[in-house]
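In: okay, structure incoming, though there's no sequence with it:
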């Protein structure tokens, strides 16, 4: 992730985005910004960060965030770099060229391969959300947070002291959705992982909860049974009409033989026995054979379609497995981990 090619790509992003962005700022800020820009161009990430941080303290602007994102990431602070870059992407002004947002989006996508992307949902608004004791915002959070690979603690705290926390053990390049349920008596809150991912910077001696895992998935048999049942019904109907068509054909041939015995060859022409009861029976039996044959053919086709749908349902239709409640005991106490479908 820190290869020369990636560094060059990010440098091009900042060179394209940052140079004209503060043309109307105060001269002192412009001078500092020009120094930061030159440092980025020279790949002097430490100096670029040193120059940009005071500008960031003065005003949170997308252009400064873009430069800080590049510098921090290439200094090895991947999560911080991704956080700055995400801010820059979310705050690109409409007057800027669309290529600015495109370059930032490409850079952020590459940064995400080195960090974990965590979406945090809190049961109550107005709770302070912390990652490894560092504040990342107030619920509801405006976006995802980025964490370094490893073990991390997410917390939500209300002004009245109610709080919830969850320890995550995560990997780079993956994503989690975490739910923190804040209640008055809460000490540990459950967290539900949707897609694996990775985590943040912080102490490693927190209580250990079970690592979040992707939801277990098992086959949802309802669509399989429905489509499979329809396939069997269609096959049974097709078989019945095929038998009836065969029977009608046999009866028609017998009736036609009897008519030939009485009226000679071509017995059912108007000049011979065309209006006879025997010839009318031959005609009815032939019509019945055609109808039954057509219905049997259509039913066999429908049976094949339903059978294919049943096979597809088996492989494609799935749902999370039943809820499961696990318990753990850590150095700071115990807790519960709840996952599954409801």
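Out: Arrived safely. Note that the structure is a prediction, hence the values are computed from the model and not measured. Numbers count the residues shown, from 1 in each chain.
In: quick one: low-confidence residue ranges for the stretch 1-150 of the chain.
Out: 1-28 (pLDDT under 70).
In: list the helices and strands the helix or strand hosting residue 38 packs on?
Out: Residue 38 belongs to helix 27-41 when assigned by DSSP states H and E. In terms of contacts (3 or more Cβ pairs under 8 Å, 6 or more residues apart in numbering; DSSP states H and E), helix 27-41 is packed against helix 4-18, helix 45-58, helix 62-74. Yep, even glycine has a C-beta here, placed from its N, CA and C like the rest.
In: so for the lengthiest helix in the chain, mean pLDDT?
Out: Assignment by DSSP state H gives helix 221-263 as the longest helix of the chain. Summarised as a single mean, pLDDT over helix 221-263 is 82.
In: show me where the stretch 151-300 of the chain has strands.
Out: Ranges of strands in the stretch 151-300 of the chain, per DSSP state E, counting those that start in this stretch, are 163-170, 175-180, 217-219.
In: most tightly surrounded among these?
Out: strand 163-170 (a mean of 23; mean count of other Cβ atoms under 10 Å).
In: returning to that earlier point: make a markdown table out of the strands of the stretch 151-300 of the chain and add distance to residue 257.
Out: As requested, the strands of the stretch 151-300 of the chain are exported to a markdown table (distance: least, Cβ to Cβ, whole Å):
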| stretch | distance to residue 257 |
| --- | --- |
| strand 163-170 | 82 |
| strand 175-180 | 76 |
| strand 217-219 | 56 |
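In: of all those, which one comes closest to residue 280?
Out: Across these, residue 280 has its closest neighbour in strand 217-219 (55.6 Å, Cβ to Cβ).
In: what residues go with each domain of this structure?
Out: 4-114, 116-212+323-339, 218-319 (automatic domain parsing).
In: residues contacting residue 144?
Out: Residue 144 sits next to 86, 117-119, 175 when contact means Cβ atoms under 8 Å, 6 or more residues apart in numbering.
In: could you tell me which of the residues you listed count as buried?
Out: 86, 117-119, 175 (16 or more other Cβ atoms under 10 Å).
In: looking at these, which are in helices?
Out: Filtering the buried ones among the contacts of residue 144 for helices - DSSP H - leaves residue 86.
In: identify the farthest-apart pair in the buried ones among the contacts of residue 144.
Out: 86 and 175 (13.5 Å).
In: wait, residue 92 touches residue 103, no?
Out: No - contact criterion Cβ atoms under 8 Å: residue 92 and residue 103 do not qualify, at 9.9 Å.
In: contact partners for the residue nearest to residue 293 when sequence neighbours are not counted?
Out: Excluding the flanking residues, the one nearest residue 293 by Cβ to Cβ, 6 or more residues apart in numbering is residue 245, at 4.2 Å. Residue 245 makes contact with 288-290, 292-293, 296 under the criterion Cβ under 8 Å, 6+ apart.
In: looking at the residues you listed, which are in helices?
Out: 288-290, 292-293, 296.
In: residues contacting the nearest residue to residue 234 once chain neighbours are set aside?
Out: Distances taken as Cβ to Cβ, 6+ apart place residue 303 nearest to residue 234, at 3.7 Å, with adjacent residues excluded. By Cβ under 8 Å, 6+ apart, residue 303 lies in contact with 231-232, 234-235, 238.
In: swap in 6 Å and give it another go.
Out: By Cβ atoms under 6 Å, 6 or more residues apart in numbering, the contact list for residue 303 reads 231, 234-235, 238.
In: work out for me the element it sits within.
Out: Here residue 303 is assigned to helix 277-316, by DSSP H and E.
In: relative to helix 221-263, how tilted is that helix?
Out: 160 degrees (axes from the mean of the first three to the mean of the last three Cα atoms, to 10 degrees).
In: circling back to that earlier point, next, format the contacts of residue 303 as CSV and append distance to residue 81 and neighbour count.
Out: Conversion of those to CSV gives the following (distance: Cβ to Cβ, whole Å; neighbours: other Cβ atoms under 10 Å):
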residue, distance to residue 81, neighbour count
231, 55, 20
234, 59, 20
235, 61, 17
238, 64, 20
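In: of the residues you listed, closest to residue 170?
Out: Among the contacts of residue 303, and counting by Cβ to Cβ, the member closest to residue 170 is residue 231, at 43.8 Å.
In: correct me if wrong: the closest one contacts residue 307.
Out: Yes - counting by Cβ atoms under 6 Å, residue 231 touches residue 307, with 4.2 Å between them.
In: so for residue 111, what's the nearest residue that isn't a sequence neighbour?
Out: Closest to residue 111 by Cβ to Cβ, 6+ apart is residue 82, at 4.2 Å.
In: for burial, what's the neighbour tally of the one you found?
Out: Applying other Cβ atoms under 10 Å, we find 29 residues neighbouring residue 82.
In: element containing it?
Out: Counting by DSSP H and E, residue 82 is part of helix 78-90.
In: how about that helix: buried residues?
Out: For helix 78-90, by 16+ other Cβ under 10 Å, it's 78-89.
In: okay, these in a markdown table with distance to residue 49 next?
Out: A markdown table is the format used below for those (distance: Cβ to Cβ, whole Å):
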| residue | distance to residue 49 |
| --- | --- |
| 78 | 14 |
| 79 | 15 |
| 80 | 10 |
| 81 | 10 |
| 82 | 15 |
| 83 | 14 |
| 84 | 10 |
| 85 | 14 |
| 86 | 17 |
| 87 | 15 |
| 88 | 15 |
| 89 | 19 |
